[in-house]
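K.L.:
No sequence on hand, only this structure:
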DNA sequence: ATCCCTCGTGTAATCGATTCCACGAGGAGG
DNA sequence: CCTCCTCGTGGAATCGATTACACGAGGGAT
């Protein structure tokens, strides 16, 4: 592969001049410029980003460590992150932690070894030691979706409290009183917060959240299935199951289906995180939608600010409730079927 | 950040010795080894992968350029690719082309600039010029899922022909005769092949595939919606719509729903690519499942073979039909509802 | 005792870029 | 005509690693 030396030789100039042309430095003659460009063209030369990074000590690359790529929420987040980063002239390397602390640590380590300019993290647990070291050492870093209390790093996330309250109000109005939640791992902020918000909202309606109605999940579908089975085995099963993410809702749907029960007639279901498929599930699932794309973009902007020496601020965006049929109410925007028309 | 020089100084040895310890070169004394290791520990030293790559001319990184991360099929592929690569000691940088040739070219270019050791591509169109150059220049490369005819690069893909034949047989047996397809872009192999396989299978049953029943999609949900609306507007709409990927099936579902029609009563639906959500859609969608994980792993093995100087072979794995209810037959594994039991 | 190997180590070249500094040519101003 | 700038250019140091080569010490064989 042609190097800058080959270009210099072909153009009959020094590497310094070639480099100047390539970085359009002002002081280079038009003649030299055209000769260099011609040589570049002729050789199909492309600068070696590795060498350049070594010299300039910047890779123009951001690392993104997410909890689970298979989760549509994170996929969308990753996508918007890459888009915004590209717009700002950065590349993104994604590390998938699969909700496993050891994998998270692995990815943080390799990203740091590659000397990425900044790190975007959605921590799986309390945070890998390597990550905390990096944060302390001043590596530009931003938490997205989840964060770690006590670490001085901007946080870009969405606040679901109001939406959860709306959800509980909605459920209460439908007559549901026994509400259960499939929680995320207590080690994650989102895991804790969603339970807290749910409990607080229940209290506002004079309802309790008994221990038996808090199932411990891990944000993966399988745990949603397992927890839901536990709920169904209870002497007094809940009337509603609220899954703290979309995958656990999928697992819950699996469990309900396996018993031959129906949603919402036998048990109602709601989920945190809205995804396209929820429109087409049987029944369509009521969910709390985060402004995922905006979250990803805001996180990148905050991180790039830090990388380039500007402050870089935390951002909190509101989530909102999207009512569908999985909790019992008819779809608010029913298809134009002129047959039945039930007025609530 | 501490460099190898700092470690050498701290250990009272030369950088050469430090390097030898780090790469466990045989000729280094136990004493030196312990001193180096102690210094590494004390300084929290981590080798600079950028510098190492420059010197050794290898990055231990693979590039993966996929057509669309938001498509669960590709997400799963990406995940298995990363897993296998990690097991083999490589990292993966993912580039999302979003079915756009210009983006594909952008990612190929930046990956090549970073001097990745090998490239895994699922080409969006006929292939970006940069990619073809790289292939010709001998950059280790493997096509996965889709490929480009006439380019001498191993291909790892799945063959859906038999499964499509099974699907058509299934549909025929259910009494369907007017079958339509939402095709993928003609520039992609998967786009063409699926139509060809469908047409061939129809012919085996003495059926035609009229032009009006071939809708041109682009593997994105929106195109599936648009094409399906066209089908429904036909004087004689098809009885079955076969979507060439899961996202277009989602769009088709959108279109059918918007008209207030039902699947499969009013129109049947089937899709290429099986995903978890198809179990829970209304109704569950009959689909052709690819061995996605195995595809990703095989592709990485083939690519790493090439990177490390071994041959690296093409692999073709069979897809299989998964029958659900969207074409009219009852679910083959119904939930334990002891009521109806139809023997085919 | 001499020679030769092996072993452990250090010096320095190298990878491909960027950039500081020096230098010569040419123009402007005195 | 001399001085001083500015401009375009090249030489060489540098980033942080790896590795060829050189070298001295020590042990075994003769």
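P.N.:
All right, it came through fine. Given the structure is predicted, the values throughout are model-derived calculations rather than measurements. Numbering: from 1, shown residues only, chains lettered A, B, ... in the order given.

K.L.:
rest of the way, CA atoms for contacts and neighbours
P.N.:
Noted.

K.L.:
Mind listing what's buried along stretch A:128-147?
P.N.:
When burial is assessed from 16 or more other C-alpha atoms under 10 Å in any protein chain shown, stretch A:128-147 yields the following buried residues: A:128, A:130-132, A:134-135, A:139-147.

K.L.:
closest to residue A:82 among those?
P.N.:
Here the nearest of the buried residues of stretch A:128-147 to residue A:82, counting by C-alpha to C-alpha, is residue A:144; it sits at 13.8 Å.

K.L.:
Can you read off the backbone torsions of the closest one?
P.N.:
Here the main-chain torsion angles of residue A:144 (degrees, to the nearest 10) amount to phi -130, psi 140.

K.L.:
pretty sure it contacts residue A:155?
P.N.:
Yes - at 5.8 Å, residue A:144 and residue A:155 qualify as touching, with contact defined as C-alpha atoms under 8 Å.

K.L.:
Residue A:125: helix or strand, and which one exactly?
P.N.:
Assigned by DSSP states H and E, residue A:125 belongs to no helix or strand.

K.L.:
so it sits right up against residue A:103, yeah?
P.N.:
No - with contacts counted by C-alpha under 8 Å, residue A:125 stays clear of residue A:103, the gap being 11.2 Å.

K.L.:
Next one, pLDDT for residue A:329 please.
P.N.:
On the pLDDT scale, residue A:329 is placed at 66.

K.L.:
Next: residue A:340.
P.N.:
Each residue has a pLDDT score; the one for residue A:340 is 39.

K.L.:
Same check on residue A:72?
P.N.:
Here the pLDDT value assigned to residue A:72 is 94.

K.L.:
Same question for residue A:277.
P.N.:
Taken from the predicted model, the pLDDT recorded for residue A:277 is 88.

K.L.:
Excluding chain neighbours, what is closest to it?
P.N.:
Nearest residue to residue A:277, sequence neighbours excluded (C-alpha to C-alpha, 6 or more residues apart in numbering or on different chains): residue B:277, at 7.0 Å.

K.L.:
and the one you found, what does it touch?
P.N.:
For residue B:277, the set of contacting residues under the criterion of C-alpha atoms under 8 Å, 6 or more residues apart in numbering or on different chains consists of A:250, A:277, A:281.

K.L.:
now residue A:74
P.N.:
Contact criterion C-alpha under 8 Å, 6+ apart gives A:66-68 as the residues in contact with residue A:74.

K.L.:
what residues does the stretch 51-200 of chain A put near DNA strand C?
P.N.:
By the rule C-alpha under 7 Å from any atom of the strand, the part of the stretch 51-200 of chain A lying against DNA strand C is A:51-52, A:54-56.

K.L.:
Generate a ChimeraX selection restricted to the buried entries among these.
P.N.:
Burial among these is assessed by 16+ other C-alpha under 10 Å; the matching ChimeraX selection reads:
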select /A:51,54
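
K.L.:
backbone phi and psi for whatever residue of chain A ends up closest to chain B, please?
P.N.:
Nearest residue of chain A to chain B, counting by C-alpha to the nearest C-alpha: residue A:281, 3.8 Å away. For residue A:281, the backbone dihedrals are phi -70, psi 170 (criterion: degrees, to the nearest 10).

K.L.:
surely it meets residue B:276?
P.N.:
No - at 11.3 Å, residue A:281 and residue B:276 do not qualify as touching, with contact defined as C-alpha under 8 Å.

K.L.:
Neighbour count for those two, which is higher?
P.N.:
Neighbour totals were compared for residue A:281 and residue B:276, and residue A:281 leads with 21 against 9 (other C-alpha atoms under 10 Å in any protein chain shown).

K.L.:
Show me what the more buried one bridges to in the sheet.
P.N.:
Here residue A:281 shows beta-bridge partners residue B:281, assigned using DSSP bridges.

K.L.:
what separates it from residue B:239, distance-wise?
P.N.:
Taken as C-alpha to C-alpha, to the nearest Å, the spacing of residue A:281 relative to residue B:239 amounts to 22 Å.

K.L.:
what about the helices in chain A?
P.N.:
For chain A, the helices identified by DSSP state H occupy A:4-11, A:15-22, A:30-43, A:49-56, A:72-87, A:101-113, A:129-136, A:161-173, A:189-204, A:221-233, A:246-258, A:292-307, in order along the chain.

K.L.:
Output the contacting helices and strands for the first one.
P.N.:
To tie it back to what came earlier, the one meant is helix A:4-11. helix A:15-22, helix A:30-43 (3 or more C-alpha pairs under 8 Å, 6 or more residues apart in numbering or on different chains; DSSP states H and E).

K.L.:
neighbouring contacts of the shortest one?
P.N.:
Same thing as helix A:15-22. Applying C-alpha under 8 Å, 6+ apart, the set of residues contacting helix A:15-22 from outside is A:4-5, A:7-8, A:27-28, A:32-33, A:36.

K.L.:
one more time with 6 Å
P.N.:
With contact meaning C-alpha atoms under 6 Å, 6 or more residues apart in numbering or on different chains, helix A:15-22 is reached by A:5, A:8, A:33.

K.L.:
ok, now stretch A:138-158?
P.N.:
By C-alpha under 6 Å, 6+ apart, the list of residues contacting stretch A:138-158 from outside reads A:118-122, A:189-190, A:299, A:303, A:306-307, A:313-318.

K.L.:
One more: stretch A:58-72?
P.N.:
Counting contacts by C-alpha under 6 Å, 6+ apart, the residues outside stretch A:58-72 that touch it are A:53, A:75, A:90-99, A:116-122, A:124.

K.L.:
pLDDT of stretch A:177-196, averaged?
P.N.:
95.

K.L.:
tell me, how many neighbours does the residue in the stretch 201-344 of chain A that DNA strand C sits nearest to end up with?
P.N.:
As assessed by C-alpha to the nearest atom of the strand, DNA strand C sits closest to residue A:308 within the stretch 201-344 of chain A, at 14.6 Å. The burial metric for residue A:308, expressed as a neighbour count using other C-alpha under 10 Å, is 12.

K.L.:
ditto for residue A:207
P.N.:
As a burial measure, the neighbour count of residue A:207 was computed by other C-alpha under 10 Å and equals 15.
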